[in-house]
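> This is a predicted model, with the sequence first.
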Amino acid sequence: MDYLFEIFTEEIPATLLNKAVRNVKTITERKIQDFNINFKKIEAFGTPRRLVLFIRGLENKEQDVEREVKGPPVSIAFDKGGNPTKILGKFLSSNNLTEKDIFKKDTAKGTYVFASKRIKGRTAEEVVRDVSLFLLQHLSFPNPMYWDDPGVKFIRPIRGMIALLGNTVVKFSYAGIETGRTTYGLRIDKPRKIEVDSPDDYLKKIREHYVILSFNERKKMVERNMKIEASKVNGRPSSTLSHLEEVVNLTEYPTPFLARIDKEALNIPDCITESIIEGHLKSIVVRDDGGKLLPYFIGVRNGLSDFVEVVRGGYEKVVKARVLDGKFFFEEDKKSKLDDFVEKLKGVVFIKDLGTLYDKTLRLVEVSEVVSSNLFLSSEEYEDLKRAAFLSKADLVSNVVKEFPNLQGKMGSIYTEIQGENRVVSTAIYEQYLPSPAANLLPKTKIGALLSLVDKIDTLVGALGIGVKVSGSKDPFGLRRVGNGIVQILFSMGVESFPLSKLISSSIEIYKKQGFKINLVPEDVELFLKDRAKSLLRELSFRYDIINAVVSLPVDFMPTYPQRAKVIEKHLSEDTLLYIVLSNKRVKNILAKRRGKKSSVNPSLFFERDEEVLYNAVETTRNKVFEKLKEMNYEEVMNLFYALYPVISQFFDNVLVMDKNDEIRSNRFALLSELKSLFDAFADFSEIALEKKEA
Amino acid sequence: MNFQEMIFRLETFWKRQGCVILPPFDEQIGAGTLSPYTFLKVLGKKKWSVAYVQPSRRPADGRYGENPNRLYMHHQFQVIIKPPPFEIQEMYLNSLRALGLKLAQHEVKFIEDNWETAVLGAQGIGWEVRLDGLEITQFTYFQKAAGMELNPVSVEITYGLERLAMFIQNKDSVFDIQWNDSYTYGDLRKQMEYEECVYAFDESDVKKLFELFDIYEAESKRLLNKDLLFPGYQYLLKCSHTFNLLDARGVISINERVNLIARMRHLAELAAKVVLKSEEKNGLSV
């Protein structure tokens, strides 16, 4: 038998629909495990006005099961004469059994009465009713609402329910709605009721009424037809996946159509036009082969192609009005100097308790100086970074960005260029917001990457400093994303180190100098970023132990975490890593016994030849290791460590570290400590869990 | 169909759905939600159905009557029904049909749009309704007012009358809308737009406006504390308009903004308390 459950609603938000459909499927799959019933498969679909569940090939009922139930001990169940007691009687009646059903069985606690009880399986109807109600109660959404019943919240009002098991309606009600067999198709004119006989009949009829249940099918319709439409003007549609998802999920039956953009659009920056077409009109821009924006776009009508020319006319008018607005704002903005915008930032709060965006601007400029001196930037680079930092937030008070907030950075970059500033500055102003959630691009220029880091560190330090907490689904300022951005940029820098800790501590100092109450130490921020680094390394599929080994390094080495992890991973099944891990472990174990004053190595206190040998090996290896680390030649570092193994082995075989003489013992500890610090300069090898038996 | 005819049709339509048709509330306000016919009525348990035109003044949106799409004052047609009827969405679509629109020839999309009004501690979940891409209506289920969860909730439907008229009459400029067959929107309103903008952007006395805000606030508080709901609430509305005038001059710093909004929010909560107190006292009868 097949089961169909349709929840018919008012329009579900397009950006949430696919997730809701996935949840319908997983919740049902989970819940049905509670029942002893077989089925072939579970499918879920969604359109703006319905969530639909199919359970295919469902058995008529649950299997009956035999279950052993335990009763009272035999000694209580029967009196001395062997007659049943009241206690046994109670057990029998409460389980619906007779004396014939019981038997005695020995357990660890003595002999007990048992009975074999047959539990009748529930009918498929009972099962799907339970599953459906459970689903209604457990589908959760980011922003659910009340509409009628004060006890029921859902993503949008439920206006009907079909529950059909084969040809039969499964009766139940939720939020005041009774199940039935009625639904509605695509909203064309007057609503027309559809009466459904069976799950398969539903599939047939709903399609006849222009509802395409499957997101993938609607998406294909859009993709195919928008290509055809765009080709009419020698263009190609261009959109991101998430935008396309939203466009598709605003329709039950999508019909893409080609429309024209007013020629005024040619006089405004492309990004404004894109924002109007994509962001406001939920449509798709068209580009030529070279990627240039064409004066056309693809609208996607929720409906058929009848009268599509009327719809097109409406869309074109909306674009025209918005373009005119955009042009007005753009022309207005061009009348002001960016430096005047910066002045206006004094009236815009950054984050409550962290002053204005002007305060932030001053901090960015000051931290840029720290960056510059720590990275030995050329004076030209320093001037560019400082200028970019000073102008970075100016566009936030421009008319265009107030109207189209997603154009922050882009407009700043455009105005900077119009004003005749150099290319490095304008590019950096755009790149400060990378990586963004929409475009997973990283800054391409050095100054852009640095500005982005400085900006993000400032936000992170400030927010954490006023006690903003990030946990579970709570992340009011999107700090995880900010942190991820910092880590992603560092990972992509290709440098052997970056003065991250210095930037963090300077940022804190500058906040304090400005008079803000920042209540944290640099380690708090470092810990937060290490956490983010761990999560990104997990996404790169590294093993947890390797991740822990590299993340134990100071944050300044964060840019090299992935490469180091890669080298460790490569050697996982090789002797190289095995012997390094073993050596490290022996050294670590013995160092744990180190007590008293720590001294540095004194070669004149060596008594054994192997001490001397190890000392010399460590000394000659050290320089090489640091040289190779600088070159980021981690493979070679591993080889250098590996080469130490025989010497270390010999040392432990022939030298007793715990010598009675304090001086000698302490000197040996010092030597091993030197060795340990060498290993630690690459990673914390004690984190690595090797499967091989340790030799 | 001319502008006034649209209003008549909407009034007739919603009258047939059982709504009280009221004249616009006579206070300068920024949106139909602020009208006492909405804010004071969505609170509490009593049923309520109303429809009214609300002239809505948003000084910062003014363009001296020079922009074809932006106005200092526009007109909203506001419908509030508590609790929302089961078939409210279809009812709304019928109101568009009542305006002569043949929906099969157009596209109606409901696009997620939830709003919050900090001043009123109000929050709604719903959509903006797009007709062939043009935003013509906010359709919202009120969830909170004065910071309190509402039970029952109300549905709020807010039509942008100028947008709809431009669509129906196929005009590119708001001032070309036919108000009736003899007058255009521009004939009747352009001069007023211009003068209001000159006042709001150039002539308003910022110092006096700040003083007025304080005076209105004190008066509102005094009256609401005596349970004089309507007069007290009206002074809150005066505060709100004064705030909007100051905002148009760009003289409200960020800290001040937060502060002024919190002061108005406090008045809104006082008003809400009076509403709920009197409902408790008088029971559910109107």
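Looks like it arrived, so ask away. Note that the coordinates shown come from a computational prediction; the quantities given were computed from them, not determined experimentally.
> Looking at chain A, which helix is longest?
Ranked by residue count, the top helix of chain A under DSSP state H comes out as helix A:308-334.
> now check it, is it near chain B?
Yes. Judged by Cβ under 8 Å from any Cβ of the partner chain, helix A:308-334 and chain B are in contact via A:310-311, A:313-315, A:317-321, A:324-325, A:328. For the C-beta atoms, the positions are set from N, CA and C on the backbone; glycine is no exception.
> Report pLDDT for the residue of chain A most remote from its centre.
Most distant from the centre of chain A: A:Gly81, at 71.3 Å, with distances by Cα atoms, centre = their mean. If you check A:Gly81, the pLDDT there is 86.
> Summarise which helices and strands the longest helix of chain A is packed against.
strand A:254-260, helix A:270-274, strand A:293-302, helix A:399-403, helix A:410-418, strand B:134-145 (3 or more Cβ pairs under 8 Å, 6 or more residues apart in numbering or on different chains; DSSP states H and E).
> Now the residue farthest from the centre of chain A: which helix or strand?
Secondary structure assignment for A:Gly81, by DSSP states H and E: no helix or strand.
> related to what we said a few turns ago, show residues contacting the very next helix or strand once past the longest helix of chain A.
Scanning forward in sequence from helix A:308-334, with DSSP H and E defining helices and strands, the next element found is helix A:338-344. For helix A:338-344, the surrounding residues in contact (Cβ atoms under 8 Å, 6 or more residues apart in numbering or on different chains) are A:358, A:361, A:390-391, A:393-398, A:412, A:415-416, A:419.
> per the record, what domains does chain B have?
Partitioning chain B according to automatic domain parsing yields domains covering residues B:3-201, B:205-282.
> For chain A, which of those domains is the nearest?
Distance to chain A, taken as Cβ to the nearest Cβ, is lowest for domain B:3-201 among the domains of chain B, at 2.4 Å.
> Would you mind saying which of the helices and strands packed on helix A:308-334 lies nearest B:Lys15?
Taking Cβ to Cβ as the measure, those were each checked against B:Lys15, and strand B:134-145 came out nearest at 18.6 Å.
> so what strands line up beside the closest one?
According to DSSP bridges, strand B:134-145 forms sheet pairs with strand B:122-131 (antiparallel), strand B:148-160 (antiparallel).
> Contacts only, for the residue of the stretch 301-450 of chain A found nearest chain B.
When you check the stretch 301-450 of chain A against chain B by Cβ to the nearest Cβ, the closest residue turns out to be A:Gly314, at 2.4 Å. Counting by Cβ under 8 Å, 6+ apart, A:Gly314 makes contact with B:His106, B:Glu107, B:Leu131, B:Asp132, B:Gly133, B:Leu134, B:Phe167.
> quick one: the spatially closest residue to it that is not a sequence neighbour and A:Met221, what's the gap?
What sits nearest to A:Gly314 in space, not counting adjacent residues and going by Cβ to Cβ, 6 or more residues apart in numbering or on different chains, is B:Asp132, at 2.4 Å. As for B:Asp132, its distance to A:Met221 is 20 Å (criterion: Cβ to Cβ, to the nearest Å).
> out of the two, which sits in the busier spot?
Taking neighbours as other Cβ atoms under 10 Å in any protein chain shown, B:Asp132 and A:Met221 compare with B:Asp132 leading, 23 against 18.
> May I ask you to confirm that the more buried one is in contact with B:Glu107?
Yes. The pair B:Asp132 and B:Glu107 passes the contact test of Cβ atoms under 8 Å, sitting 5.5 Å apart.
> tell me the contacts of A:Asn234?
A:Asn234 makes contacts with A:Asp288, A:Asp289, as judged by Cβ under 8 Å, 6+ apart.
> And what about it, helix, strand or coil?
Three-state call for A:Asn234 (DSSP: H, G, I helix; E, B strand; the rest coil): coil.
> per-residue confidence at it?
95.
> circling back to that earlier point, relative to A:Phe641, which of the helices and strands packed on helix A:308-334 is closest?
Go through the helices and strands packed on helix A:308-334 one by one with Cβ to Cβ and the one that ends up closest to A:Phe641 is helix A:410-418, at 47.0 Å.
> between that closest one and helix A:308-334, how many degrees?
50 degrees (axes from the mean of the first three to the mean of the last three Cα atoms, to 10 degrees).
> Against which helices or strands is helix A:410-418 packed?
For helix A:410-418, the contact count by 3+ Cβ pairs under 8 Å, 6+ apart identifies helix A:270-274, helix A:308-334, helix A:338-344, helix A:399-403, helix A:423-431 as packing neighbours.
> Report the buried members of the residues of helix A:308-334 next to chain B.
Among the residues of helix A:308-334 next to chain B, those classed as buried by 16 or more other Cβ atoms under 10 Å in any protein chain shown are A:Val311, A:Gly314, A:Tyr315, A:Lys317, A:Val318, A:Val319, A:Lys320, A:Ala321, A:Leu324, A:Asp325, A:Phe328.
> got those as CSV, with pLDDT and distance to A:Lys153 columns?
CSV is the format used below for those (pLDDT from 0 to 100; distance: Cβ to Cβ, whole Å):
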residue, pLDDT, distance to A:Lys153
A:Val311, 97, 34
A:Gly314, 96, 35
A:Tyr315, 97, 34
A:Lys317, 94, 38
A:Val318, 94, 33
A:Val319, 94, 37
A:Lys320, 91, 40
A:Ala321, 89, 37
A:Leu324, 87, 41
A:Asp325, 86, 37
A:Phe328, 87, 42
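> nearest to B:Asn151, of those?
A:Val318 (37.7 Å).
> what's the nearest residue to that closest one if we skip its chain neighbours?
In space, and not counting its chain neighbours, A:Val318 is closest to B:Gly133: 4.4 Å by Cβ to Cβ, 6+ apart.
> Do I have it right that that neighbour meets A:Ile276?
No. With contact defined as Cβ under 8 Å, B:Gly133 does not reach A:Ile276; the gap is 10.7 Å.
> Quick check: neighbours shared by the two?
Counting by Cβ under 8 Å, 6+ apart, the common neighbours of B:Gly133 and A:Ile276 are A:Val319.
> Now do the helices in the stretch 101-250 of chain A.
In order along the chain, the stretch 101-250 of chain A carries the following helices (DSSP state H, counting those that start in this stretch): A:124-138, A:199-208, A:215-231, A:241-248.
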